[in-house]
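Peer 1: here you go, sequence then predicted model.
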Amino acid sequence: MKQEPLFLKPVFHEKIWGGRNLKTDFGYDIPEGKIGECWAISGHPHGVSVVTNGQFAGQNLADLFHDQPILFGHPTGDRFPLLTKILDANGKLSVQVHPADDYAMAHENELGKTECWYVLKAKPGAYLIYGHKAKTKEELEKLIDEEKWNQLLGKLTVKTGDFVYVPSGTIHALTEGIEVLETQQSSDVTYRLYDYDRTDDQGNKRELHLGPAKDVITVPFKLPKLHQKTEQVANSTITTLVTAPDSPYFTVKKLTIFGDLPQTRDEGPFTLCSVVAGDGQITVGDQTYNLKRGTHFILPNNVQNWTWHGKMVVIISYPNEGKY
């Protein structure tokens, strides 16, 4: 089997809070409307990526994961475990929470949804809804029932280049003027607490899910402590943004590449890659591939060595041991 990256075609989703920045910032050919999400690397049935190059061109990632397990280190799971997105928040996202694996599987037949954000762009003063102030479950439910959102919700100011880890059970929401690269478990389960009483073009409010949300919110909220580290390799830097044991499900790293950066697969069964700034190339075997901002691809398990070239920032991720 040939050693080659799997380049992927993004899938786009319209959202009430979306806009047009995925076209202007990345050059994507997006549909008309308020496009809020680019599902860049996805095996999820709500938006499956298709391979655009090489021997598997035209095949979708979900089928490839089942049909060619050798590419993914012979996984034990029944679905591609991770999902990479770009989110363009031109308005506030709903205040929401995601369940952990046990609850999600029992109630939705989905994986849980722990996620994280690398902030690609943030307007001055931009902030997230992040966490809550309730000390007990009773206090949490009372504040929700009375819609005392200012008393309940935590806020976190963010800027370009920040990284935020969002374990399942965490109340959260992006707000306007923020663009992020999201790495998450492959799940599309969201329980909305509050949606600012917005209505769609037909005057309908979006559905809330107060009962399930109350079930899965972690009380009390504790700010995650991440043991990040940065290493210098030649003229480049590799920053580990999150990994086990802080994150059970995935490892995420930021590569700031200047010149040539050779790498060997020493962790992870396969690697998800997203170019978020600059441009350059990657050499796999005897072939070199051009890369630019907004390019997304997978380095499968049979690719054990590769070399980055150029001046660019790449976010890579892979599932942790036992989670694929």
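Peer 2: Cool, the structure landed.

Peer 1: residue 169 reaches residue 220, doesn't it?
Peer 2: No - the criterion here is CB atoms under 8 Å, and residue 169 misses it with residue 220 at 11.1 Å. Glycine gets a C-beta too; all of them are placed from N, C-alpha and C.

Peer 1: out of those two, which sits in the busier spot?
Peer 2: Between residue 169 and residue 220, counted using other CB atoms under 10 Å, the more crowded position is residue 169 (19 against 13).

Peer 1: quick one, what contacts the more buried one?
Peer 2: Residues near residue 169 by CB atoms under 8 Å, 6 or more residues apart in numbering: 97, 98, 99, 100, 216, 217, 218.

Peer 1: then residue 184?
Peer 2: Residue 184 makes contacts with 82, 83, 84, 85, 113, 114, 115, 116, as judged by CB under 8 Å, 6+ apart.

Peer 1: got those residues as CSV, with secondary structure, neighbour count and distance to residue 224 columns?
Peer 2: As requested, the contacts of residue 184 are arranged in CSV below (DSSP: H, G, I helix; E, B strand; the rest coil; neighbours: other CB atoms under 10 Å; distance: CB to CB, whole Å):
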residue, secondary structure, neighbour count, distance to residue 224
82, strand, 25, 19
83, strand, 26, 20
84, strand, 26, 20
85, strand, 24, 20
113, coil, 27, 15
114, coil, 24, 10
115, strand, 24, 12
116, strand, 23, 9
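
Peer 1: CSV please, covering those and showing pLDDT and distance to residue 57.
Peer 2: Below are the contacts of residue 184 laid out as CSV (pLDDT from 0 to 100; distance: CB to CB, whole Å):
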residue, pLDDT, distance to residue 57
82, 98, 22
83, 98, 21
84, 98, 20
85, 98, 23
113, 98, 30
114, 98, 32
115, 98, 30
116, 98, 30
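
Peer 1: is it true that residue 22 lies in a helix?
Peer 2: Yes - judged by DSSP: H, G, I helix; E, B strand; the rest coil, residue 22 forms part of a helix.

Peer 1: between the contacts of residue 184, which is closest to residue 33?
Peer 2: Nearest to residue 33 out of the contacts of residue 184 is residue 85 (CB to CB; 17.3 Å).

Peer 1: for the closest residue to the closest one other than its chain neighbours, which residues are in contact?
Peer 2: Once flanking residues are discounted, residue 85 sits nearest to residue 182: 4.4 Å by CB to CB, 6 or more residues apart in numbering. Residue 182 is in contact with 83, 84, 85, 86, 87, 115, 116, 117, counting by CB under 8 Å, 6+ apart.

Peer 1: the helix or strand harbouring residue 182: partners in the sheet, and parallel or antiparallel?
Peer 2: Assigned by DSSP states H and E, residue 182 belongs to strand 178-185. Its sheet considered, strand 178-185 pairs with strand 82-89 (antiparallel), strand 115-122 (antiparallel) by DSSP bridges.

Peer 1: format those strands as CSV; extra columns: distance to residue 59.
Peer 2: Putting these into CSV (distance: least, CB to CB, whole Å) gives the following:
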stretch, distance to residue 59
strand 82-89, 18
strand 115-122, 26
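
Peer 1: mind checking which of the ones you listed is nearest residue 228?
Peer 2: Checking the strands paired with strand 178-185 against residue 228 by CB to CB gives strand 115-122 as the closest, at 11.8 Å.

Peer 1: from the chain's centroid, how far away is the closest one?
Peer 2: Averaging C-alpha positions (CA atoms, centre = their mean, to the nearest Å) puts strand 115-122 9 Å from its chain's average.

Peer 1: tell me what the next helix or strand after that strand is packed against?
Peer 2: Using DSSP H and E, the helix or strand that follows strand 115-122 in sequence is strand 127-132. Contacts defined by 3 or more CB pairs under 8 Å, 6 or more residues apart in numbering; DSSP states H and E place strand 127-132 against strand 153-157, strand 163-166, strand 172-173.

Peer 1: if you set the cut-off to 7 Å instead, what comes out?
Peer 2: Contacts defined by 3 or more CB pairs under 7 Å, 6 or more residues apart in numbering; DSSP states H and E place strand 127-132 against strand 153-157, strand 172-173.
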